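Asks: This is a predicted model, with the sequence first.
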Amino acid sequence: MADQNKLQNAIDHVLEKVKAAGAQADVIANRSNNFSLKANDGELAEYKVTSGQVIGVRVVKDQRVATSYSESLTPESLDIMLEQALQNAQFSQQDEHQAISCINSKITTNIAEIYQQDDATVDDKIEMALALESGVVSKPHASSSPYNGFAESDSQIILANSQGTLCHHQERSTYCYAYTLYEQDGKQSMHGGMSSGRRFDQLDANFCINHGYDIAQALLDGGPITTQNYSVVFDLSSLSNLFGAFSMSLSGQSAMKGINPWRDLLGQQVASSLLTISDKAIVEGGFAIKSFDSEGFAARDTILIGEGKLQNMLHNSHTASFFGIENTANGARSAKGGLGVSPRHTVIAAGTSSDAEVTAGEYLELIELQGVHSGADAVSGDFSFGASGFLCRDGKRVQAVRGITVAGNFYQMLKEVDAVSNTLSNDYERDFFAPQIRFARLSIAGK
């Protein structure tokens, strides 16, 4: 409570000064406590406890905007922060669509699942961290676990503005992970597993150990396959990374800047009719749950692509004003940054095909992509990544595959979907939910 009072007092101080300067502003203040552990050679290699606080202001005066932040909450530091923002605003470009437009919003994220009591002791966590490594290296041909660890975070956000808005959010999260370096007969392969939750007892260390080991072992003898087009099923983590590389296609901010290839395609078919993609504020088990956006507007669900047709993009107050449309309440900024847009939970709706139907016949299952962002051109849609996975037949892995390149065009790929399964899963980060999707054809360069 003392920390919250300090943050609130700092916000009040800044907003009083903003009013005296004849400006409008919103202020984000957050504090966080973090704890992490890593193991190496049977001992703790890292025991890290960090805590921090930061306050940031976004000032709008005479239709000019600027931001600044401070990690100190002293009145002197806050005054310097605000003065810097006001001075910087004088030199920014005038924009009639910039405004502090969220009025008298009083929202607190009141969802029990995101802030749960956790009775695990430090000793429990150390035991898990050591067990993650020892569980890997105790297995045959597992030479090491080069990446492993446990981490937890407790964070609080207060958002307020000069229009009477005051919102609160608090959450806890924790995760653990372990990678296996598998070596046999002069060959190496590596893979990992991760588990996340809101409490320590929700973590599955055995999954991390066994999943990473099993996949690394299975990939060891993998090699290139014949160069040609293949039907492809991405595992959920790879699919999430791929969608993330092309997220600007659903961004109202990129549309406003004129670099979004879908800018003029609202209401038109941009994907297979089998695909419906939404941005959802609250998903059970999700890690992006928050009742308001970074401007204070109430979070909401938005259908982005409905049965293949582009229905909406993600907007904040600035982009919505620019296009003269409704704000989807996807304003996003940290205390240290400017206003942007961001999704919450990306949810691809379940289809009508069974898993057996999705995996019928021959297809390529890709479980790892390398160089996703460097190998993607979000404007043209073209991509080319290194990849590994398995050649499959009727749902069974028949050959490990490594040393290949997968290439195609993301926007074309979305139009060429063979099947969508009827069950949803989530990725490790718990902000991407999707069924298995079988894409009709992508170019694979192998041998």
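Replies: Now that the structure is in, tell me what you want to look at. Predicted, not measured: the structure shown is a model, and the values here were computed from it.
Asks: Please enumerate the helices of the stretch 151-300 of the chain.
Replies: Along the stretch 151-300 of the chain, the stretches classed as helices by DSSP state H, counting those that start in this stretch are 205-219, 236-245, 252-256.
Asks: what mean pLDDT would you report for the last one?
Replies: Yep, that's helix 252-256 we're talking about. Averaged across helix 252-256, the pLDDT comes to 98.
Asks: before we move on, the earlier item: return the most buried member of the helices of the stretch 151-300 of the chain.
Replies: Mean neighbours per residue, mean count of other C-beta atoms under 10 Å, is largest over the helices of the stretch 151-300 of the chain for helix 252-256, with a mean of 23. (Glycine included, C-beta is placed from N, CA and C.)
Asks: tell me which strands and helices that one is in contact with?
Replies: Counting contacts by 3 or more C-beta pairs under 8 Å, 6 or more residues apart in numbering; DSSP states H and E, helix 252-256 is packed against helix 317-323, strand 340-341.
Asks: Residues contacting that helix, please?
Replies: 248, 260, 262-263, 313-316, 318-320, 322-323, 328, 330, 340-341 (C-beta atoms under 8 Å, 6 or more residues apart in numbering).
Asks: ok, the nearest residue to residue 200 once chain neighbours are set aside to residue 152 distance?
Replies: Spatial nearest neighbour of residue 200, excluding adjacent residues (C-beta to C-beta, 6 or more residues apart in numbering): residue 120 at 3.5 Å. From residue 120 across to residue 152, the span is 9 Å (C-beta to C-beta, to the nearest Å).
Asks: anything in contact with each of those two?
Replies: residue 200.
Asks: With neighbour numbers in mind, choose between those two.
Replies: Taking neighbours as other C-beta atoms under 10 Å, residue 120 and residue 152 compare with residue 152 leading, 22 against 15.
Asks: partner residues bridging the more buried one?
Replies: In this entry, residue 152 is beta-bridged to residue 35, residue 174, by DSSP bridges.
Asks: ok so, going back, which pLDDT value belongs to the residue nearest to residue 200?
Replies: Residue 120 carries a pLDDT value of 97.
Asks: which parts of stretch 344-358 are buried?
Replies: 344-351, 353, 357-358 (16 or more other C-beta atoms under 10 Å).
Asks: And the strands in the stretch 301-447 of the chain?
Replies: For the stretch 301-447 of the chain, the strands defined by DSSP state E, counting those that start in this stretch occupy 302-306, 309-310, 331-332, 340-341, 345-348, 362-370, 382-393, 396-409, 417-420, 425-426, 432-434, 437-445.
Asks: mind checking which of these is nearest residue 103?
Replies: Evaluated over the strands of the stretch 301-447 of the chain, closeness to residue 103 peaks at strand 331-332, with 14.3 Å, by C-beta to C-beta.
Asks: between the helices of the stretch 151-300 of the chain, which gets nearest to residue 165?
Replies: helix 252-256 (21.2 Å).
Asks: low-confidence ranges in the stretch 1-150 of the chain?
Replies: 1-2 (pLDDT under 70).
Asks: can you give me the helices in it?
Replies: So, for the stretch 1-150 of the chain - with DSSP H, counting those that start in this stretch - the helices run 2-20, 75-90, 122-137.
Asks: Who are the packing partners of the last one?
Replies: Counting contacts by 3+ C-beta pairs under 8 Å, 6+ apart, the secondary-structure elements packed against helix 122-137 are strand 24-40, strand 43-61, strand 142-144, strand 148-161, strand 166-184, helix 205-219.
Asks: can you give me how far that helix is from the chain middle?
Replies: 27 Å (C-alpha atoms, centre = their mean, to the nearest Å).
Asks: List of residues touching it?
Replies: Residues contacting helix 122-137 (C-beta under 8 Å, 6+ apart): 35, 37-40, 42-44, 47, 142-145, 148-150, 152, 176-180, 200, 203, 205-206, 208-209, 212-213.
Asks: Please apply the same query to the second one.
Replies: Among residues not part of helix 75-90, those counted as contacts by C-beta under 8 Å, 6+ apart are 10, 13-14, 17-18, 21, 23, 25, 55-62, 64-70, 72.
Asks: same question, stretch 277-289
Replies: Residues contacting stretch 277-289 (C-beta under 8 Å, 6+ apart): 109, 111, 113-114, 171, 173, 196, 250, 271, 290-291, 299-305, 314, 328, 330, 343-349, 426, 429-431, 433.
Asks: What residues of it count as buried?
Replies: Applying 16+ other C-beta under 10 Å to stretch 277-289 flags 277-283, 286-289 as buried.
Asks: quick check, nearest of those to residue 6?
Replies: residue 289 (25.5 Å).
Asks: Can you tell me how far that closest one is from residue 110?
Replies: From residue 289 to residue 110 the distance is 11 Å (C-beta to C-beta).
Asks: before we move on, what about residue 189?
Replies: To residue 110, residue 189 is 46 Å away according to C-beta to C-beta.
Asks: before we move on, back to that, okay, the helices of the stretch 1-150 of the chain in JSON lines with mean neighbour count next?
Replies: Output for the helices of the stretch 1-150 of the chain, formatted as JSON lines (neighbours: other C-beta atoms under 10 Å):
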{"stretch": "helix 2-20", "mean neighbour count": "16"}
{"stretch": "helix 75-90", "mean neighbour count": "17"}
{"stretch": "helix 122-137", "mean neighbour count": "19"}
